[in-house]
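got a structure for you, letters missing:
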């Protein structure tokens, strides 16, 4: 029998293990308290450490200055009318499903309305977007271009046809050639200036980038990267060894998106791409995905519906 991939076959967090840690509202509230104040409570206004809890209003009040705060104020959970255990179950479902979970499936699992499930999912995906925004690739990187969407009725065909959203895919590989981390970022278009802007923000200076011969990719050199282009005569070969992982992961992601979501609006594409990156880049410890996403949500500002529905 072939040796099993230890990353692929790791146990992760089972549903019984999740319920044992986060199965009650009291457990979820305690987890939030410990994440927000790991060294013990301190007043955000004066720094005093002693407080009392106003159960009638679900607030924590400083004993010195009487400033009042709540467990969720200033976080993604702010002003929620849902129990925290519903949020935590959504975090579990989003983090443990390799191919993602649709808002419709989330609605059935959580027992909430579709609109509520949609907003929960997009709020949590926004937490992933903001976490991934600070992540830079380093070392050896494979880079490729991609589009989401297809030909619209009455529109033209090809790369520039209406309805297609361009994005770049980049995979950081180890010295042994194994994928370590990836980025998927929506871009304004495939031009040298746009790729230079992308590289200056999302990759470390001086790294080595290999791509195909698309004319925009030399733009990464403007950001201080060492660029190598691979030219193929005629049609590109997706199994080119130097671009194997970026092409493989692009195929996996597109299949997962098509298989999981009935419809995906281009204005929200970055959230869906960041969701996949978030899970992939933390796949080495699947059991830690739940507490890490809880932490990310607690460090993400509130996202009301009117803001969640704007372009990402």
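Noted; the coordinates are in hand. What you see is a predicted model, and the numbers here were worked out from it, not measured in a lab. Numbering: from 1, shown residues only.

residue 278 and residue 126 touch, don't they?
No: in this structure, residue 278 is not within contact of residue 126 by Cβ atoms under 8 Å, at 11.0 Å. The C-beta positions use only the backbone N, C-alpha and C, and glycine is treated the same way.

and the host helix or strand of residue 275, what's buried?
For residue 275, the element it lies in under DSSP states H and E is helix 269-281. By neighbour count with 16 or more other Cβ atoms under 10 Å, helix 269-281 contains the buried residues 269-281.

same question for stretch 119-133.
If you call a residue buried by 16+ other Cβ under 10 Å, then stretch 119-133 has these buried ones: 119-132.

can I get these in TSV including distance to residue 240 and pLDDT?
Putting the buried residues of stretch 119-133 into TSV (distance: Cβ to Cβ, whole Å; pLDDT from 0 to 100) gives the following:
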residue	distance to residue 240	pLDDT
119	42	97
120	40	98
121	36	98
122	36	97
123	39	97
124	36	98
125	32	97
126	35	97
127	35	97
128	30	97
129	30	97
130	34	96
131	31	96
132	27	96
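
next up, the contacts around residue 227.
Applying Cβ atoms under 8 Å, 6 or more residues apart in numbering to residue 227 gives the contacts 209, 210, 211, 217, 218, 220, 221.

check the secondary structure at it for me.
Assigned by DSSP: H, G, I helix; E, B strand; the rest coil, the conformation of residue 227 is strand.

bridged to it, which residues?
Residue 227 has the following beta-bridge partners by DSSP bridges: residue 209.

how close does it sit to residue 254?
With distances defined as Cβ to Cβ, to the nearest Å, the gap from residue 227 to residue 254 amounts to 25 Å.

ok, then the element right after the helix holding residue 275?
Moving toward the C-terminus from helix 269-281, the first helix or strand encountered (DSSP H and E) is helix 289-298.

gap between the helix or strand following that following helix and the chain center?
If you walk from helix 289-298 toward the C-terminus, the next helix or strand you reach (DSSP H and E) is helix 305-308. How far helix 305-308 lies from its chain's middle: 18 Å, per Cα atoms, centre = their mean, to the nearest Å.

ok, now stretch 82-100?
Relative to its parent chain, stretch 82-100 has a centroid offset of 14 Å by Cα atoms, centre = their mean.

name the residues of that stretch that are buried.
With the criterion 16+ other Cβ under 10 Å, stretch 82-100 contains buried residues 84-97, 100.

ditto for stretch 67-87
Neighbour-count burial for stretch 67-87 [16+ other Cβ under 10 Å]: 69, 70, 71, 72, 75, 76, 77, 80, 84, 85, 86, 87.

can you put those in JSON lines and add pLDDT and secondary structure?
Formatted as JSON lines, the entries for the buried residues of stretch 67-87 read as follows, by pLDDT from 0 to 100; DSSP: H, G, I helix; E, B strand; the rest coil:
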{"residue": "69", "pLDDT": "93", "secondary structure": "strand"}
{"residue": "70", "pLDDT": "92", "secondary structure": "coil"}
{"residue": "71", "pLDDT": "93", "secondary structure": "coil"}
{"residue": "72", "pLDDT": "94", "secondary structure": "coil"}
{"residue": "75", "pLDDT": "96", "secondary structure": "coil"}
{"residue": "76", "pLDDT": "96", "secondary structure": "coil"}
{"residue": "77", "pLDDT": "97", "secondary structure": "coil"}
{"residue": "80", "pLDDT": "94", "secondary structure": "coil"}
{"residue": "84", "pLDDT": "97", "secondary structure": "helix"}
{"residue": "85", "pLDDT": "97", "secondary structure": "helix"}
{"residue": "86", "pLDDT": "98", "secondary structure": "helix"}
{"residue": "87", "pLDDT": "98", "secondary structure": "helix"}
